[in-house]
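>>> sequence and computational prediction follow.
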Amino acid sequence: MKKINSGVLLIIAMGVVFLMSCGDDNTKSITIAPGQIDVSILAEKFYSGATTVAISESTITITSTGEPDHKSMYWSTNNALYENYDEPDNADFNRNPNDISAQNYEFKIPRYPAEASVKSTTSLGAMGVSLNGVPFFNQNAGPGDDILEELNTFDQYEGHPQQTGQYHYHIEPLYLTETLGNDIFLGFLLDGFPVYGPVEGGVTLTNDDLDDYHGHTSVTTDFPDGIYHYHITSELPWINGDGFFGAAGTVTN
């Protein structure tokens with residue numbers, strides 16, 4: 001089950017957050033600039049048994065094995081989650097030669113994300129993490145590959161593993177949107193800004209509704225006063241556009 005540090009009590013008043021460690025008398029405070037938003041309220045939504053979340057003054061740390069909690073043709077055949085798959089409407093569909101294997105991801109993202117003065121591009125590999133601990137990858141394939149050809153290797157929930165067994169999503173994670181809703185919070189990118197599904201306010205969004213980074217600022221269920229956030233769409237680049245809107249944290253594996 002998920003594990004969220006509970007030894008910190010937050011009291012917010014007059015723009016100052018007082019962090020009180022339960023069980024002692026030491027109280028310290030940090031000042032939050034006006035307009036900053038604490039995205040740690042989303043931490044409890046991470047649910048995979050292979051994922052843990054810890055919250056510090058300025059950082060959210062998510063550790064994960066990166067293994068999906070759903071069926072896939074990329075599990076070994078003796079795994080309870082193995083399920084064969086054959087896309088009947090795609091003559092080019094094929095299974096890539098890789099299998100899912102456990103990883104040791106540690107995502108460190110800003111607890112109070114803010115727009116970066118200089119934007120950075122996303123790199124190959126994990127650029128964020130979804131609710132079940134599976135990483136988000138960007139819209140690019142590895143050297144020598146074509147992402148539009150890679151689409152033909154995605155499993156029944158639109159994910160696949162790369163050469164070292166890192167299972168990931170380039171596009172909408174269908175297991176999450178089909179079981180939890182297509183307008184929900186789906187995870188974070190490394191800059192700490194949330195990723196939401198393709199629907200907002202009952203409307204399916206397109207790239208024309210979003211900025212160059214594949215996001216916008218609006219009200220969400222989790223942030224009734226509004227927040228910058230990304231949306232997944234059915235069109236390239238799917239999850240992220242020209243890079244991170246905010247200053248990116250780190251990921252190790």
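Sure thing, it's come through.

>>> quick one: the strands in the stretch 51-200 of the chain?
Listed in chain order, the strands of the stretch 51-200 of the chain (DSSP state E, counting those that start in this stretch) span 51-55, 59-64, 105-110, 115-120, 128-130, 135-136, 159-161, 167-169, 185-189, 194-196, 199-200.

>>> so which of the ones you listed comes closest to Glu87?
Closest to Glu87 of these, according to Cβ to Cβ: strand 159-161, at 12.5 Å. For the C-beta atoms, the positions are set from N, CA and C on the backbone; glycine is no exception.

>>> hey, what's Ile55 bridged with?
Ile60 (DSSP bridges).

>>> what about it, how many residues nearby?
By the criterion of other Cβ atoms under 10 Å, Ile55 has 19 neighbours.

>>> which pLDDT value goes with it?
Looking at Ile55, its pLDDT reads 97.

>>> contact partners for the nearest residue to Asn132 once chain neighbours are set aside?
Leaving aside its chain neighbours, Asn132 sits nearest to Ser48 (4.3 Å; criterion: Cβ to Cβ, 6 or more residues apart in numbering). Residues near Ser48 by Cβ atoms under 8 Å, 6 or more residues apart in numbering: Lys2, Ser64, Glu67, Asp69, Leu131, Asn132, Gly133.

>>> how about the residue nearest to the second one when sequence neighbours are not counted, phi and psi?
Which is Ser64. The shortest distance from Ser64 to any non-neighbouring residue, by Cβ to Cβ, 6+ apart, is to Gly133 (3.3 Å). The phi and psi values for Gly133, taken as degrees, to the nearest 10, are phi 90, psi 0.
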